[in-house]
Structures are given as C-alpha cells and as structure tokens.
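1. task: produce atomic coordinates for the following.
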Amino acid sequence: MTELTQQDGNPVIDYQARDYQSLLQAMRQLIPQKMPEWLDYANEADLGNVLLELFAQMGDILSYYQDRVANESFLGTAQSRRSVIQHLRLIGYQLGTAAPAAASLSLTVPGTVTDTVTVNQGDAFATKSSKTLPSVRFEYTSATPLVINFGSITADPGTGKKTFGDALTGIGVQEGRLFQAEPVGTGDGSANQRYPLAHPGLILRPPGSAVPGADVLLTTTLGAAVQAWTLRDTLAFSQGGQYDFVIEIDENDQATVVFGDGDFGAAPASGAQIAATYRTGGGAAGNVPAGTIQTIVGAPQLALLGATITNPAAATGGAERESIAHAVQQAPAVFRSLSRAVTADDYEALALSFQGVGKVRAVPGGWNQVSLLVAPAGGGKVSDVLEAGLKAYLEDKRMLSQVIEIQDVDYIPIQVTAQIAIQSYYLPPDVSAAVLAVAAAMLDFDQVDFGQTIYLSKYYEQLQEVPGVTFVNITEFRRADDLTGPPVAPTGLIQLGTNEIPVIPSDAAYSSGLNLVITGAGGS
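-> Numbers count the residues shown, from 1 in each chain. From the prediction side, this is the model:
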C-alpha cells in the first residue's frame, strides 16, 4: 500500500505516530528536505543518528505522559487510585476502606471458677502464627463491657469445665487494633486544619453505619474544657459553630482529619490538644477458619483464670479496600440512586458500596418489605456486626414505610469428579496441581453469582486446556444436596435458583473444587 507523504506540496504529519520507532522514522524521512547536506545519515554510528534516537526517546516519553494525563482525566479510563479518589469525591463517593472480619468466641474455664469477669473494649485475642502466616488480631470493640458470671454457669459433666458462648452468642470480636486517645496535633486556630493519623489502614465505615468501634472518635482539650467532635461525610452542611470534621483517605490508605473553616464547620482553637480514638486493620486475612483464634493477647483478667478461647465458627465479613474497578462500576449506580433506596437496584447498589458485603440480591417481599440476601466478602454467613452495620447504613436511605430484612444466601456445593490421563513427559504432581487450580477458580467466590448456570462443557474445555492433560472424563457433575439422581446431570448443566450461589464442597475429597482421579499416563 502506498503511503501518502505529500498533499498540495506539503508534507503530511501523522499525529498518531508518537512511539519511538515512528518518531525516529519520521525524522529520518525529513533529512533530505531539511538537511540536504547531510549525506551520511544512513550510518548508524553517525552522531546525528545518536541525537535523532535521543529525540525519539524523549518524544516517546512525552507521548506516554500525555496519554496518561488524558486517561486520568476521565473516570472510565483512569488507572491510578489517586485520580479515581479525586473523581469520585466530586460526586460525594469515598472509596471504602478494608472491612474487618467478625467472629464469636467461646470462653472455657476450669469448673472450680466462680468469679465474675468483665471483657472491656480493646481486649485482644489472636490466631497462632506460622512460618507463612502471621497471627491475626481480634478485639472486643463494643463500648459496653461484657460481664460474665461463671458462678451461674454449670460445669460440663464430661469435661468438668465451664463454657460461655457459642457460634452465635459468645464474645463478639472484630479483627483489627484499637488506638485510644492518640495525640494527633495541636490546633493553631486557622481555617481548614489538617492532621494525619499516625497509623495507616483506618477502618472507616460509611457515616451512620453505627458499627461499634469503627468510626473515629475525636476530642479537643483546651485547659479544663474537653470538646467532642462529630464525624461527617461532608462539611457542606455544617454551620460555623458546629464541631464537625471529615476524614480523607489517600491512595496509600493514609487517613487525614480535616476541620472546617469557621463558616462550614468549626476550627480547633489555638493551643487545643487534638486526640483521636480509632481502629486499623481489615482485609480478607481476617476470615480465619473455625477453631483458629486460640490466644488471649490483651485480656489478663481472663488469662489469670486459666481460660481458653476459640471461635466455634469461621470469621466472616473481612474484605480488602475497595478496588478501582469496583468503585468505577459501583459509584455511578450509587450516584443515580441519590443515596435513596427505592427500587431493588437501589438497594443492591447501596448495599454493595458497604464494605464487607461481597454479593447481594434485593427481593421485594410485601408492599413494604425488602429482603436483602447478603453474602459477606469471601463467603460464609452474615455476622451480627455486618447485619447491624448494613441496616444502620440503609436506615436514612430507605422509604419511611419500608422494612429491611437481612438474610443469608443459599450456598450450593457442586460435586465434580474427573478422570484425567497425563502425558508421559509431564510430572503428574504438577499437572494435578494445575488441574485442581483451574477447577477451584471456576467456583471461586469472586467468579460466581446468584442464579448461575454451571455447564459441564465448560469443565471439559477448561481442564482439557491444562498443559500435560491427554484427555478428561467427568464421571460426576451434580449438586451436593441432590445425590439421588444420576451422577452426571443429563442436560449437561446445573441451573441454580435465584437465591443460590455455587461453592466448593466442604468434603475433603472435593476441597480443591474437584475430586481428581488419574487414570494413567497418555501418549505423547
């Protein structure tokens, strides 16, 4: 194809040629016109060619930054977290921080103990550390102390010990660490004062969520006067004399306390000592299995009794900070709802913006009832903490007459058994591990949804593509709660209900998403 280089006697400039090679080629093509005396430009070692290559390299770098600036100017194409934070701030949407997992602990003491003990805010417990995993800290976060009277608890005849609590009614704890009355700074009386918190990773639920211990509690002390301040999502509606503040969190999870200017929110007086109580932590690491929280870290009153603790059920609700992709997808839906829950889509959009909620489906009940089927981030049952926080978050967004119910989803284990043959020049353990990883990914929590159709052909397709697999024969493909029918669904698909989510079975044989049977080595 002939390239057009001249038009009406003038050279044509290709404005899309902005990479290194295109710029270098364009400059070399201009040499006969601009510098006809340069005859040896075909020599790569010529100093002029070195200069051209440097110019092309610099042009490539400048073009890259121009593209980045253009991309970062729009929410749909922005790649940096800092740009997304700034864009969403314009519509009043703040990226969610990491959410802490919650668990219920049971406390066991010798049968001779008749003491009354008190569990206070900040009392800490933890999992045991290993070479690959650090310990995970959990704390009692309620501001109301929990009083346990072991004198009224009957010892178990078999073990001779007394136990308080179970998977639902034990000591409610959340993952994270509490920092109480930490000095933040000294007020100088100026407008828009800003003070960073010392520890990154602040746990901050949306205002109004009423999660105990999740918000920042801020006080200023000037002489003998102590003033409590109120956390708001914006200072736009604060009056000049209101003691309000907001929290801004940057791309590095560093939280900054921001005060008003005297017209929109008050400013700390000069010399006022500012102190903050807050919690840090959160993340999927807090979703620990049942029976793993076994160490009393910061509750000496329990340790002195010879107490032991454990979590009868797995901790749930822990989630990483909100990702850019989730925010870009979710923020417009929340903005369209105008922070009001009217339709089912509004409820789902608002609930998904609450950190700790992994999946949700809104189902209208009666004329004034809405049921939210909630799967915590990472799966599992909805904890009391997550339920209370989500209801409180939606309280000022629902219609006055609507009643909200939070329900657990129906998890449906999918049993799959596959026979494979491995090519002779592949290591069977490596191929087996790869096959199990592929199968597990197909039922990963982030990859599945409500009412999903699971296809037998998809398993054949994915497993057959694993390097080293000669053939695949699937001998079992069915729901784990329906074992009376044929082992392989006759239609080649499993259709789940609108309230059901597929999961990997808890049975050890299927713990990796697949019961794998190696029939032998195939040919090459």
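2. ok, Y195 - contacts?
-> Listed by C-beta atoms under 8 Å, 6 or more residues apart in numbering, the contact set of Y195 reads V184, G185, T256, V257, I274. All C-beta spots, glycine's among them, are computed from the backbone N, C-alpha and C.
3. for Y510, which non-adjacent residue is closest in space?
-> Across the structure, with C-beta to C-beta, 6 or more residues apart in numbering as the measure, the residue nearest Y510 apart from its sequence neighbours is Q415 (5.7 Å).
4. from T219, how far off is that neighbour?
-> Between Q415 and T219 the distance, using C-beta to C-beta, to the nearest Å, works out to 56 Å.
5. neighbour count: those two, which is higher?
-> Q415 (21 against 17; other C-beta atoms under 10 Å).
6. that one: what secondary structure?
-> For Q415, the secondary structure call by DSSP: H, G, I helix; E, B strand; the rest coil comes out as strand.
7. please name the bridge partners of it.
-> Partner residues in beta bridges with Q415, using DSSP bridges, are R478.
8. my read: it touches P505, true?
-> Yes: checked against C-beta atoms under 8 Å, the pair Q415 and P505 is within contact range at 5.8 Å.
9. ok, the spatially most central residue of the chain - contacts?
-> Among the residues of the chain, the smallest C-alpha distance to the mean C-alpha position (C-alpha atoms, centre = their mean) belongs to E320, namely 2.7 Å. With contacts taken as C-beta under 8 Å, 6+ apart, E320 has the following neighbours: A98, G282, G283, A284, A377.
10. go on, H87?
-> Taking C-beta under 8 Å, 6+ apart as the contact definition, H87 lies against F74, L75, A78.
11. can you say which helix or strand has G240 in it?
-> Mapping G240 onto the secondary structure by DSSP states H and E places it in no helix or strand at all.
12. could you do A26 as well?
-> Under the criterion DSSP H and E, the helix or strand holding A26 is helix 20-34.
13. where exactly do the strands run in the stretch 351-500 of the chain?
-> Under the criterion DSSP state E, counting those that start in this stretch, the stretch 351-500 of the chain carries strands at the ranges 357-364, 369-376, 403-408, 410-423, 453-455, 469-479, 493-495, 500-503.
14. what does the fifth one rub up against?
-> For strand 453-455, the external contacting residues (C-beta under 8 Å, 6+ apart) are I414, G492, L493, I494, Q495, L496, P502.
15. just send the residues you listed back as CSV, with neighbour count and distance to V109 too.
-> Below are the contacts of strand 453-455 laid out as CSV (neighbours: other C-beta atoms under 10 Å; distance: C-beta to C-beta, whole Å):
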residue, neighbour count, distance to V109
I414, 24, 42
G492, 15, 56
L493, 13, 53
I494, 19, 48
Q495, 12, 50
L496, 19, 45
P502, 21, 42
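16. nearest to I148, of the residues you listed?
-> Nearest to I148, judged by C-beta to C-beta, of those is P502 at 40.4 Å.
17. dig out what that closest one forms beta bridges with.
-> Applying DSSP bridges to P502 gives these bridge partners: I412.
18. how about it, what does it touch?
-> Y411, I412, P413, I414, L443, V448, Q452, I454, I494, L496.
19. do G281 as well
-> A98, P100, R137, E175, G176, R177, G201, I203.
20. likewise Q227?
-> If you count contacts by C-beta under 8 Å, 6+ apart, Q227 has them with T219, T220, T221, Y243, A272.
21. show me what the helix or strand where the third one lies is packed up against.
-> For T221, the element it lies in under DSSP H and E is strand 217-222. The helices and strands touching strand 217-222, judged by 3 or more C-beta pairs under 8 Å, 6 or more residues apart in numbering; DSSP states H and E, are strand 225-231, strand 273-280.
22. let me know the angle separating the last one from strand 217-222.
-> Relative orientation of strand 273-280 versus strand 217-222 (axes from the mean of the first three to the mean of the last three C-alpha atoms, to 10 degrees): 170 degrees.
23. I'd like to check what contacts strand 273-280. Which residues are they?
-> Outside of strand 273-280, the residues within contact range by C-beta under 8 Å, 6+ apart are 100, 139, 141, 174, 176-187, 195, 197, 199-203, 213-222, 255, 257, 268.
24. ok so, going back, buried subset of the contacts of E320, written for PyMOL?
-> Buried members of the contacts of E320 can be picked out in PyMOL with the line below, counting by 16 or more other C-beta atoms under 10 Å:
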select buried, resi 98+282+283+377
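25. just to revisit the earlier point, which pair in the contacts of Q227 spans the largest distance?
-> Greatest spatial distance in the contacts of Q227: T221 and Y243, 12.9 Å, computed using C-beta to C-beta.
26. who's more crowded, those two?
-> Y243 (18 against 14).
27. overlap in contacts, Q415 and P505.
-> With contacts taken as C-beta under 8 Å, 6+ apart, Q415 and P505 have A480 as neighbours in common.
28. doesn't L302 make contact with V117?
-> Yes: taking C-beta under 8 Å as the definition, V117 is a contact partner of L302 at 6.3 Å.
29. tell me where the stretch 1-150 of the chain has strands.
-> When assigned using DSSP E, counting those that start in this stretch, the strands of the stretch 1-150 of the chain occupy the ranges 6-7, 10-11, 102-110, 116-119, 124-127, 137-139, 146-149.
30. to P429, which of those strands lies closest?
-> When the strands of the stretch 1-150 of the chain are ranked by distance to P429, counting by C-beta to C-beta, first place goes to strand 124-127 at 29.5 Å.
31. on that earlier part again, show me how to select, in PyMOL, the buried members of the contacts of Y195.
-> Here is the PyMOL command that selects only those of the contacts of Y195 that count as buried (16+ other C-beta under 10 Å):
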select buried, resi 184+185+257+274
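32. with distance to K381 as extra columns, can I get the contacts of Y195 in TSV?
-> Conversion of the contacts of Y195 to TSV gives the following (distance: C-beta to C-beta, whole Å):
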residue	distance to K381
V184	37
G185	42
T256	36
V257	35
I274	40
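33. now render the contacts of Y195 as JSON lines, adding pLDDT, distance to F164 and secondary structure.
-> Conversion of the contacts of Y195 to JSON lines gives the following (pLDDT from 0 to 100; distance: C-beta to C-beta, whole Å; DSSP: H, G, I helix; E, B strand; the rest coil):
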{"residue": "V184", "pLDDT": "93", "distance to F164": "37", "secondary structure": "strand"}
{"residue": "G185", "pLDDT": "92", "distance to F164": "42", "secondary structure": "strand"}
{"residue": "T256", "pLDDT": "94", "distance to F164": "41", "secondary structure": "strand"}
{"residue": "V257", "pLDDT": "94", "distance to F164": "39", "secondary structure": "strand"}
{"residue": "I274", "pLDDT": "95", "distance to F164": "39", "secondary structure": "strand"}
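34. if anything else comes up later, I'll come back, but that's it for now.
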